[in-house]
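**Student:** no sequence for this one, just the structure:
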């Protein structure tokens, strides 16, 4: 059981790291000379990258929804980890992992919303770029947080017996 709990802890920690990297790093949309994230646009000029504001044609309501959802995913997943550690020592066996699973499911939904909005709204008509590694990390962290939440709910059922 200790090895299983350590594995779940590492999966949860990996999810948090991926969420933070996807939220903070500047590579949601890439071209050869431009790197765009949800906070700014980086432009390559004379072998140096310079930070610029996002273009004025970005729909700001959707951009704020992506930013807020990404931050909420990081917060929910971090809270889930603290709750997981706290629940190991305080709750009885049948109730142990419910709240951690709920926080991970909320983080999963938030990062899915952020990545889905970004996919649907931004860069639709741009053909010269590609989605960067931060965007891919957001979708991978969606999968990790979903798997983690399912594990918490299944583990809760197993420990209830």
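**Tutor:** Received, thanks. Predicted, not measured: the structure shown is a model, and the values here were computed from it.

**Student:** can you give me the strands in this protein?
**Tutor:** For the chain, strands defined by DSSP state E occupy the ranges 29-30, 34-36, 41-45, 48-52, 130-131.

**Student:** how close does residue 99 sit to residue 43?
**Tutor:** Plainly put, residue 99 is 44 Å away from residue 43 if you go by C-beta to C-beta, to the nearest Å. For the C-beta atoms, the positions are set from N, CA and C on the backbone; glycine is no exception.

**Student:** more neighbours: which of those two?
**Tutor:** Neighbours around residue 99 and residue 43, counted as other C-beta atoms under 10 Å, are more numerous at residue 99. The numbers are 18 against 15.

**Student:** report the buried residues of stretch 77-86.
**Tutor:** For stretch 77-86, a neighbour-count test (16 or more other C-beta atoms under 10 Å) marks 77, 78, 79, 80, 81, 83, 84 as buried.

**Student:** out of the residues you listed, list just those in helices.
**Tutor:** With helices identified by DSSP state H, the entries of the buried residues of stretch 77-86 that belong to them are 77, 78, 79, 80, 81, 83, 84.

**Student:** hmm, residue 104 and the fourth one touching each other?
**Tutor:** Just to be clear, that refers to residue 80. Yes - here residue 80 lies in contact with residue 104, judged by C-beta atoms under 8 Å, at a distance of 4.8 Å.

**Student:** joint contacts of the two?
**Tutor:** Residues touching both residue 80 and residue 104 comprise residue 12, with contact defined as C-beta atoms under 8 Å, 6 or more residues apart in numbering.

**Student:** ok, back up a step: make JSON lines out of the strands of the chain and add mean pLDDT.
**Tutor:** As requested, the strands of the chain are exported to JSON lines (pLDDT from 0 to 100):
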{"stretch": "strand 29-30", "mean pLDDT": "92"}
{"stretch": "strand 34-36", "mean pLDDT": "89"}
{"stretch": "strand 41-45", "mean pLDDT": "89"}
{"stretch": "strand 48-52", "mean pLDDT": "87"}
{"stretch": "strand 130-131", "mean pLDDT": "92"}
